[in-house]
Structure formats: structure tokens, C-alpha cells
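Q: Pasted the sequence and its predicted model underneath.
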Amino acid sequence: MSIENPHISNIRNIRTNFNHLLEVGVKLLTEDMRKFPSFDPSAPYEEKNYYFNRANTLGLLLIGVGMNHFAEIYFNEMLKLIEEFEKRNNKKFNKGMVYGNLGIAKIAQGEFDRGIAYLMAGFKEDAPITGDHEKHFLDSPLYLQFEKRVHEYMKIKRQIYTAAPPDDTYGHDFMKCLNTDNRLYLMAVLNNLRINKDIFVSGNENKYTKGRILSTLSDFCVFIEDAIKRKLGLSTRIELFNLLRQHVLCSEVWRTDVERYWNYATSANMGNLETNLHNIFYISNDNVKRFLTLGAIRNFSGHNFDIDGPFFFAHLDEVENNIFGAMFYLRDNAKL
């Protein structure tokens, strides 16, 4: 006769208790949706949440004790209930608080893409009251607490670039000067790079993580290229080589070396890329190395996906630091 693991009953109790909490939340929310009127943008701001305050308090308890998976389930169920009630009863509620807390629960579990999307949806719900919801979102402590991780990562790279500690506000100041599209794109790119680089250097050198690193470095290069064009108001059709040669580096004496060695920025396969990077790293001028690395990764990853590169991943720090260095150079020279 088999004996049940004693922990199974504890796990079942967790689920039973959560289901009870969810039932209470459903009851409170249903009562309050019947009680309170539809969303009125002209009413005081706090009134938009009256219908959800009681149910929200229970969900916040889950977040408060770190039960973020259950908080996600809870707020998802609340969202479904609200949407179903709206359809049946010809009512419209402001779901900003629901989206916001669902986003926090997702981010707390490491799901930044879905979490940020939910946070933005919450601010969009408030747009009839607040106006420019994207600006309010980017300026909000709710968002900045997560972007701050990118600020810190950027400051580490900036110190490598300048060999001196940057100002505490450097990362935030850098991001804030970008337009909304580029700021959100760079946030996503650097956050993915930070997370996967951390996984990789911790010893988990698996193919999935290598692929994520390569694709994210590609996105990083695309961001830099696009940001230059936006800043200078240039056609999107111009290729990176001509963009650098004609519009970005034209006043630099070392531009001729970038042109002379641009063949290192064209690789047909990973072996070719590794050979080219090896040659790039031996160039004495740091800025030449930075822009050739930018070109090499941009041109390779735009046409190839190959993670079988021992030299590439052994020198990942140098690749990454060079791309960051190109971005910092562009920013310091008002080209980005």
C-alpha cells in the first residue's frame, strides 16, 4: 500500500485556500460592478477604481506575500469577469488598475514583455483622464522601477567606455532623451541582453541562451542604426556603411580606417565572422574597433543565424562592449 507524500496535502490546501480567496474576489467584484456606474472620464480620478477597490485588495495580498503566480491567476480572472460583465450589461469600466497589477505580477515572475505590455495597457485605460498616456507611463515610478535595471547595466558599460564612473543618473538621462519608440525598444533590447548574458556567464551555456544573445545583439545594432537615422532625419534606405561614412564619421581622421577595414564587417558564416572579429580586435584605435564590430554583428546577424562560434562567445564581453562603445560615441557627438 503506497503512502501519500505528506506535502501533497499541504499543496492541496494552498490551492483550496486560493480558490476560496478567488470566490470571495468574484463575489465582491460582481456586487460592486452592479453597484457602481460606468467609467466617467469627467469624474474625479479616484472614482474610476471604486468598483474594483474591494476585489483589488485581495489580489494585492497575494503580491504582498510573493505569491505572484496566484496573483496573476487572480487578476486574470478579474479581468475576464469584468469584460464578460461589460458585454452583458452594456457598461464600461476603467481597467487600469487590473492591468497594472497583472503587469506587476508578470514582471515579478520575470516575464518582462507581457508585464510591460499590461502596464502600458493600464496607462492607456487612463488616457481619457490623463491625456498622453505613454509619457505618463515612462515617467511613472511603476515603470521606472523596472527600467532602472537597464540604467544600472548601462552605467557599468559606460564606465568601461570612459574608464571613470558615470553620474548616478546617466542611464536614466540617456533613456529619457530618446523618443518613446526608441526608448521602449532599447529597454526591451538591453533587458533581454542583461538577462541572457547573466544566464550565460553563470555557466549555463546552452543553445537557447546563445541564440537569444545573438538575436538580441542584432536588435541592439538595429536600434543604433535606426536611432542615427531618426536623429539626423535620414532615409531608412541608406545602408550602415554609407550612413557612417557620409553622415556620422565624416569629420574623424580615423574614418579612413573604418572604410579600409570594412571588409571585416562582412561575413558569410560564423567561421568568417570569428576570423573578422579576431582581426578587428587587433586594431589599435578603439573607435575603429567599435564601429567595425557594430558593422560585423549588424551585417552577419541580419542574414545569418549560427551560434556555433566558440571564439565569438569566448569574446562576448568584447563584442558587447564595442557595440555599447559605438552607441556612447554617437550619443556624446550628438549623432543619436
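A: Arrived safely, thanks for sending.
Q: drop to CA atoms for contacts and neighbour counts, all remaining ones
A: OK.
Q: after the worst-scoring helix or strand of the chain on mean pLDDT, next one along is what?
A: Lowest mean confidence among the helices and strands of the chain (mean pLDDT, DSSP states H and E): helix 133-139, at a mean of 87. Using DSSP states H and E, the helix or strand that directly follows helix 133-139 along the chain is helix 141-162.
Q: which other residues reach that following helix?
A: 116, 119, 137-138, 165-166, 168, 170-172, 187, 190-191, 194, 321, 324-325, 328 (C-alpha atoms under 8 Å, 6 or more residues apart in numbering).
Q: ok, of those, which come out buried?
A: Judged by neighbour count, with 16 or more other C-alpha atoms under 10 Å as the criterion, the buried members of the contacts of helix 141-162 are 116, 119, 137-138, 166, 170-172, 187, 190-191, 194, 321, 324-325, 328.
Q: For residue 335, state which of those is nearest.
A: Nearest to residue 335 out of these is residue 328 (C-alpha to C-alpha; 9.8 Å).
Q: where does the closest one fall, helix, sheet strand or coil?
A: Three states are possible here, and by DSSP: H, G, I helix; E, B strand; the rest coil the one that applies to residue 328 is helix.
Q: With residue 319 as the reference, measure out to it.
A: Separation of residue 328 from residue 319 (C-alpha to C-alpha, to the nearest Å) stands at 14 Å.
Q: ok, and the closest non-adjacent residue to residue 59?
A: Counting by C-alpha to C-alpha, 6 or more residues apart in numbering, residue 59 lies nearest to residue 71, which is 5.8 Å off, once chain neighbours are set aside.
Q: What does the pLDDT read for that neighbour?
A: Residue 71 carries a pLDDT value of 96.
Q: which SSE is it in?
A: Secondary structure assigned from DSSP H and E places residue 71 in helix 68-89.
Q: tell me which residues in that helix are buried?
A: For helix 68-89, a neighbour-count test (16+ other C-alpha under 10 Å) marks 68, 70-76, 78-79, 82, 85 as buried.
Q: How many residues are close by the residue lying closest to residue 236 once chain neighbours are set aside?
A: If the residues on either side of it in the chain are set aside, residue 236 comes closest to residue 229, at 6.7 Å by C-alpha to C-alpha, 6+ apart. Neighbouring residues of residue 229 were enumerated by other C-alpha atoms under 10 Å; the total is 19.
Q: close enough to count as contact, residue 229 and residue 240?
A: No: Residue 229 is not in contact with residue 240 according to C-alpha atoms under 8 Å; the separation is 9.9 Å.
Q: in what helix or strand does residue 279 lie?
A: helix 270-281.
Q: In terms of secondary structure, what does the next helix or strand after that helix contact?
A: Beyond helix 270-281 on the C-terminal side, the first helix or strand identified by DSSP H and E is helix 286-301. Packing partners of helix 286-301 (3 or more C-alpha pairs under 8 Å, 6 or more residues apart in numbering; DSSP states H and E): helix 207-232, helix 255-260, helix 270-281, helix 316-332.
Q: Please list the residues outside helix 286-301 that contact it.
A: Where contact means C-alpha under 8 Å, 6+ apart, the residues beyond helix 286-301 that reach it are 214-215, 217-218, 221-222, 240-241, 254-255, 257-258, 261-262, 264-269, 273, 276-277, 280-281, 283, 319, 322-323, 325-326.
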